[in-house]
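Trainee: below is the structure, and that's it, no one-letter string:
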């Protein structure tokens, strides 16, 4: 029967307010007619295979009541009169006016609006009734408008991501751009080869080496350029060094079975107590465990990295996730990786800053040396110096590490925020970045004071403009989830356990002026709470520099100056990678080759090729800058970040929250 000849009894209206900032897409408005109706995947703005094409069948009675039958394999949630009921496949439920359906628990909220009830509410039943009816009408209208805006935002986001995926490759080519990918020659799968093909120098990026990690349940566009642990650890790995804070061996071997075939694995971790005993019990026999020494109390090993040695070279990875399921599947996380070849004999003594930084950091870990036989080089000791055997001359980043201890003299500039300061001091930036804001984004907030914040801000403001003047102090902005962000997230309040900052740290008065919202529509991760840590300087259009790191905002991670600024005290091991235009400009992909000579004719005239760091959403006119290479970074939050509104409350994990989350839970769950 055609819709035009059927009697309409109501409407399923999308509730943007229930899934505000949802990254999983929106539901279109669904008219409900008397008799049989079907609700399914075609009603979504973005395809989601969790919802079947015939997800629900609805039988509407003339009085406006509806019987809902779950036809698809996944359950729904029915919210009626303050109660939340789960309805599984082939089960039935009744809904009436104002009831809410969650088409997937925690996702795709729609409210049933009975037309008869709407008409009653608009009848002349007194001024209060009229006002209430008007308010409901205005709320519904606002919901539709908000939903339309979400749909428009997500349509733009899909376009950006698709464009991004086309113009950039997912993994770096083998360092120099002249060697085939490690995995291409290691017999990887077709999918692996697609992820490892070389870069066309005419593209506007050197190979994309910074990725967001895959998040379960997001639409395909949001994960189009993301990576899983299997994407990272693959091929013929001869030796793996895995560095992290938490390690779940059972999950890791299930998620990445190829690790079982790696003959030599060193795990550098921060576990202790029962977790360490379980790690020892579960690890394969050929794995070596090492917890680095902590010369200062209350420290930890927090660095998240991998060193994967192949017959053709090494893959270096720095990321932000613990080796546990929730970190690699439910959180907003980031990962940098790049492949480097073995050094030629003539280059064996050639060293670059990346190599020195890496070996200095690895030396501080003090793992017990062990001897292995590698097909390429024979019997070798696996110590920090072993990693000088690779050619890092094409490194696209600088390493910024932290090592526990009291650092003085020359070593004061080797670690923590003083290392970042020393690197930035050597850099020249365009004048547009003078006094531009600093963005701090992280997942745990230490006990801070204004003095240390000034010290930290001074380091991150280092550098000079192209006219020789200092860039000047930037205003810090802190990107931090609100209570509502956590409550409505993919995991509900449970996500807050990985944002472990107490109220006493979060609610200090001086921090109020820094708070800005976590908003990630453009990468589809508004509801995937951040465990990623990033720091950047941004002028409203472009990025001066960008740091991906394991470091949260704390004195323990970054260090604090003592004894009249002659000593830096650090408590934790941390590791990060710093993207700088100067570094990217020097890599071979920017050399003038026959393949790209036509687009870089300016080199023959003595012109300088500039490198510009921009966000995924950057919309500059590239043709107006013919001698500029643009590197798009998938920064996972909106820039510039928006300040908190009057109703926004920063998340702290030791407060009590009685408003139920998307799973009907309160926080804390017990007590």
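Mentor: That came through, no problem. Note that this is a predicted model, so its numbers are computed, not measured.
Trainee: residue 513 belongs to a helix?
Mentor: Yes. Looking at residue 513 with DSSP: H, G, I helix; E, B strand; the rest coil, it is inside a helix.
Trainee: separation between it and residue 476?
Mentor: To residue 476, residue 513 is 9 Å away according to Cβ to Cβ, to the nearest Å. C-beta coordinates here come from the backbone N, C-alpha and C atoms, glycine included.
Trainee: these two: which is more packed in?
Mentor: residue 476 (21 against 12; other Cβ atoms under 10 Å).
Trainee: just give the nearest non-adjacent residue to the more buried one, would you?
Mentor: residue 438 (4.9 Å; Cβ to Cβ, 6 or more residues apart in numbering).
Trainee: show the pLDDT at the one you found.
Mentor: Per-residue pLDDT puts residue 438 at 98.
Trainee: do the same with residue 615
Mentor: 88.
Trainee: that one: what's it in contact with?
Mentor: The contact partners of residue 615, by Cβ atoms under 8 Å, 6 or more residues apart in numbering, come to 543, 632, 633, 635, 639.
Trainee: ok, back up a step: and the residue nearest to residue 476, how close does it get to residue 463?
Mentor: 12 Å.
Trainee: then residue 104?
Mentor: Distance, residue 104 to residue 463, by Cβ to Cβ: 47 Å.
Trainee: compare the two (neighbour count), which wins?
Mentor: The neighbour comparison of residue 104 against residue 463 (other Cβ under 10 Å) goes to residue 463, with 22 against 18.
Trainee: in terms of contact, does the more buried one touch residue 580 like I think?
Mentor: No. Applying Cβ atoms under 8 Å, one finds residue 463 not in contact with residue 580, separated by 9.6 Å.
Trainee: so what sits against both of those two?
Mentor: Joint contacts of residue 463 and residue 580 (Cβ under 8 Å, 6+ apart) are residue 427.
Trainee: residue 479 and residue 453, how far apart?
Mentor: Applying Cβ to Cβ, the value for residue 479 to residue 453 is 15 Å.
Trainee: neighbour count winner among these two?
Mentor: Neighbours were counted for residue 479 and for residue 453 using other Cβ under 10 Å; residue 479 has more, 23 against 17.
Trainee: what pLDDT does the model give residue 73?
Mentor: 88.
Trainee: likewise residue 68?
Mentor: Predicted confidence (pLDDT) for residue 68: 95.
Trainee: contacting residues around it?
Mentor: Listed by Cβ under 8 Å, 6+ apart, the contact set of residue 68 reads 56, 57, 58, 76, 78, 87, 92, 93, 94, 95, 101.
Trainee: got a list of what the residue nearest to the first one when sequence neighbours are not counted touches?
Mentor: Distances taken as Cβ to Cβ, 6+ apart place residue 39 nearest to residue 56, at 4.3 Å, with adjacent residues excluded. Taking Cβ under 8 Å, 6+ apart as the definition of contact, the neighbours of residue 39 are 12, 30, 55, 56, 57, 58, 103.
Trainee: helices of the stretch 501-650 of the chain, start to end?
Mentor: 503-506, 555-558, 581-585 (DSSP state H, counting those that start in this stretch).
Trainee: flag every buried residue along the first one.
Mentor: Buried positions in helix 503-506, judged by neighbour count with 16 or more other Cβ atoms under 10 Å: 505, 506.
Trainee: one more: the longest one?
Mentor: Residues of helix 581-585 classed as buried: 581, 583, 584 (neighbour count, 16+ other Cβ under 10 Å).
Trainee: quickly name whichever of those residues is closest to residue 392.
Mentor: Closest approach to residue 392 among those (Cβ to Cβ): residue 583, at 11.5 Å.
Trainee: was I right to think that closest one contacts residue 392?
Mentor: No. Under the criterion of Cβ under 8 Å, residue 583 makes no contact with residue 392, lying 11.5 Å away.
Trainee: picking that back up, how far away is the residue nearest to residue 476 from residue 520?
Mentor: Distance from residue 438 to residue 520, by Cβ to Cβ: 19 Å.
Trainee: comparing the two, which shows the higher neighbour count?
Mentor: Ranked by neighbour count (other Cβ under 10 Å), residue 438 and residue 520 place residue 520 first, with 25 against 20.
Trainee: all strands of the stretch 351-500 of the chain, in order?
Mentor: For the stretch 351-500 of the chain, the strands defined by DSSP state E, counting those that start in this stretch occupy 370-374, 378-382, 398-402, 405-408, 428-429, 438-441, 464-465, 476-479.
Trainee: ok, which of the ones you listed comes nearest residue 232?
Mentor: The nearest among these, by Cβ to Cβ, is strand 398-402 at 18.0 Å.
Trainee: quick one: mean pLDDT for the closest one?
Mentor: 98.
Trainee: which residues does it contact?
Mentor: The contact list for strand 398-402, computed with Cβ under 8 Å, 6+ apart, reads 303, 318, 353-354, 357-358, 360-361, 364, 414-416, 419-420, 423, 547, 549, 551, 557-559, 570, 572-578, 580, 583.
Trainee: any stretches of the stretch 151-300 of the chain with poor pLDDT?
Mentor: 151-208 (pLDDT under 70).
Trainee: at 50 what do you get?
Mentor: Residues of the stretch 151-300 of the chain meeting the criterion pLDDT under 50: 151-154, 167-180, 185-207.
Trainee: got it, and the chain?
Mentor: In the chain (pLDDT under 50), the answer is 1-4, 17-25, 118-154, 167-180, 185-207, 588-606, 623, 671.
Trainee: what's the burial count for residue 508?
Mentor: With other Cβ under 10 Å as criterion, residue 508 counts 14.
Trainee: tell me the phi and psi of it?
Mentor: Dihedral pair for residue 508: phi -70, psi 140, per degrees, to the nearest 10.
Trainee: gap between it and residue 632?
Mentor: 36 Å.
Trainee: same question, residue 264
Mentor: In this view, residue 264 and residue 632 are 37 Å apart by Cβ to Cβ.
Trainee: what segments of the stretch 501-650 of the chain are strands?
Mentor: 515-516, 534-538, 543-549, 560-562, 567-570, 572-579, 610-615, 628-633.
Trainee: will you turn the contacts of residue 615 into TSV that also has distance to residue 404 and neighbour count?
Mentor: Shown next, in TSV, are the contacts of residue 615 (distance: Cβ to Cβ, whole Å; neighbours: other Cβ atoms under 10 Å):
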residue	distance to residue 404	neighbour count
543	30	23
632	36	21
633	30	21
635	30	28
639	33	24
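Trainee: which members of the residues you listed are the farthest-apart pair?
Mentor: The most widely separated members of the contacts of residue 615, counting by Cβ to Cβ, are 632 and 639 (12.5 Å).
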